[in-house]
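Asker: have a look at this fold, sequence not included:
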């Protein structure tokens, strides 16, 4: 399947759809997931057009992973979770639903279950206070 430049993350990267930004540099963008599985669920995407990790250039992957680590550290400092889960899906059979490569950074607390993936949308106004805490820890 070829890359679709009209996927939701491509539209976010072009500024056509708003997002609650956590971090941005010249190669990557990190923003709050509007369908969070946990409080503080952040998505990290490369600005390079690639549908999955197999199509992403080595330089794009390196940039994305550096941002994943930066964001995970900020989530850890800001929210003090018991752990941090990183998730990354490739292709529909593996659970990928948006076909622009991305990582999920999920803070985890003992005894707190994850919400179902992609089921409940949260308003940006409710995500912003958590995003502000994460940004302040960058």
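Answerer: Received it, and whenever you're ready, just let me know what you need. Note that the coordinates shown come from a computational prediction; the quantities given were computed from them, not determined experimentally.
Asker: tell me the residue in the chain that is farthest from the middle.
Answerer: Distance from the C-alpha centroid of the chain, by C-alpha atoms, centre = their mean, peaks at residue 111 (23.1 Å).
Asker: what sits up against stretch 6-20?
Answerer: Here stretch 6-20 makes contact (C-beta atoms under 8 Å, 6 or more residues apart in numbering) with 4, 29, 31-32, 34, 43, 45, 47, 49, 98-100, 102, 124, 127-128, 131. Just so you know, the C-beta spots here come from the backbone N, C-alpha and C atoms, and that holds for glycine as well.
Asker: actually stretch 62-71, not the one I typed
Answerer: With C-beta under 8 Å, 6+ apart, stretch 62-71 has contacts from 22-23, 25, 27-28, 30, 42, 44-46, 56, 86, 101, 103, 105, 134, 138.
Asker: now residue 95. Nearest residue, chain neighbours left out?
Answerer: residue 89 (4.3 Å; C-beta to C-beta, 6 or more residues apart in numbering).
Asker: check contacts around that neighbour.
Answerer: 95, 96, 97.
Asker: which of these has the most neighbours?
Answerer: Neighbour counts for the contacts of residue 89, by other C-beta atoms under 10 Å, peak at residue 96, which reaches 17 neighbours.
Asker: gap between that residue and residue 13?
Answerer: To residue 13, residue 96 is 17 Å away according to C-beta to C-beta, to the nearest Å.
Asker: before we move on, the earlier item: just the buried ones among the contacts of stretch 62-71, please.
Answerer: With neighbours counted by 16 or more other C-beta atoms under 10 Å, the contacts of stretch 62-71 contain buried members at 22-23, 28, 30, 42, 44-46, 56, 101, 103, 105, 134.
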